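Asker: sequence plus predicted model, see below.
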Amino acid sequence: MQTHLQCGRYRLSVDAASRPLVMGILNVTPDSFSDAGKYHALDAAISHAEEMIAAGVDIIDIGGESTRPGSQPVALMDELARVMPLVFALRDCGKPLSIDTYKPEVMREAIAAGADMINDINGFRAPGALETVAELDCALCVMHMQKDPQSMQLKPEYQDVVADVSTFLRERIAAMEQMHIARDRICIDPGFGFGKSLAHNIALLKNIGQLQAALDLPLLAGLSRKSMLGAILDKPVEQRMAASLAGALASVAQGARIVRVHDVAETVDALTVWHALHTAQH
């Protein structure tokens with residue numbers, strides 16, 4: 001597997017000798033599933049980003065459109081109005097900025113303004129998305145999603161979820177390579193909760209190593225506060241931090257090199273201890 005991820009202005013280590021990277025979630029939406037409206041105001045969003053930086057975050061992932069199950073699409077200009085002021089405000093913060101979007105226009109505007117990564121739940125399948133990012137200097141996270149946010153949790157079905165997700169990601173990587181996108185710009189995400197039942201999510205989590213080895217790219221795992229954890233615990237979203245830490249540790253133990261989380265300080269501490277123990281010489 002490659003030892004680094006070329007993330008715009010930053011070269012991030014993703015080898016086993018380094019602590020797994022922590023991507024902090026910064027949703028500037030009024031309707032996200034976990035922190036709806038909490039950081040919708042620019043001042044609140046900047047303050048939260050500063051808290052994540054102080055806690056040791058490696059990447060800040062800015063989202064201007066909720067993609068929770070059942071969510072409705074956001075108009076282009078509304079999404080730009082949400083994310084662009086934050087990109088301008090944080091572009092010199094010393095950490096890579098990721099933009100969580102599937103719209104090529106948002107990709108182009110955000111990278112031009114100083115963002116370093118595009119995190120696309122749609123796997124860069126929107127018309128013009130691949131052509132857009134091929135011309136940009138940024139990292140790309142390609143995620144698997146069955147159907148779309150409006151319908152993805154309505155009876156998701158697979159022949160073999162691990163094999164099917166692997167095939168999808170392999171096809172998207174091949175499409176990127178045909179556009180001459182360097183592999184050191186790419187990471188992969190199996191898309192926990194995006195068109196998967198609890199059994200599908202568990203199967204994917206247990207086989208992260210198989211996915212990563214088959215595709216030979218760093219894998220990003222996003223389990224933070226998700227409904228799969230709520231289903232296991234029967235607890236609401238605000239009571240899932242401990243479960244999210246368990247999910248992060250389980251994912252890196254299986255081979256994930258990046259975890260996308262809400263609780264940055266706690267995750268950095270947990271992964272720092274895990275990494276120290278994992279790399280200790282006997």
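Answerer: Right, received. Where do you want to start?
Asker: wait, a strand at Gly24?
Answerer: Yes: the assignment for Gly24 (DSSP: H, G, I helix; E, B strand; the rest coil) places it in a strand.
Asker: tell me, how many residues neighbour the nearest residue to Ala265 once chain neighbours are set aside?
Answerer: Nearest non-adjacent residue to Ala265, counting by CB to CB, 6 or more residues apart in numbering: Ala55, 3.7 Å away. C-beta: built from backbone N, CA, C; applies to glycine. Residues lying near Ala55 (other CB atoms under 10 Å) number 16.
Asker: how about Asp269?
Answerer: Counted by other CB under 10 Å, the residues lying close to Asp269 total 14.
Asker: backbone dihedrals for it, please?
Answerer: phi -60, psi -50 (degrees, to the nearest 10).
Asker: does the spatially closest residue to Asn207 that is not a sequence neighbour lie in a helix or a strand, and which?
Answerer: Spatially, and ignoring its direct neighbours in sequence, Asn207 is nearest to Val162 (4.6 Å; CB to CB, 6+ apart). Here Val162, judged by DSSP states H and E, is contained in helix 161-178.
Asker: pull the residues that contact the helix or strand following that helix.
Answerer: On the C-terminal side of helix 161-178, the closest following helix or strand by DSSP H and E is strand 186-189. Strand 186-189 is contacted from outside by 5, 14, 119, 139-144, 169, 173, 176, 211-212, 215, 217-222, 257-258, 260, using CB atoms under 8 Å, 6 or more residues apart in numbering.
Asker: show me what secondary structure element comes after strand 186-189.
Answerer: By DSSP H and E, the next helix or strand past strand 186-189 is helix 198-206.
Asker: show me what that following helix is packed against.
Answerer: Counting contacts by 3 or more CB pairs under 8 Å, 6 or more residues apart in numbering; DSSP states H and E, helix 198-206 packs against helix 161-178, helix 227-233, helix 241-253.
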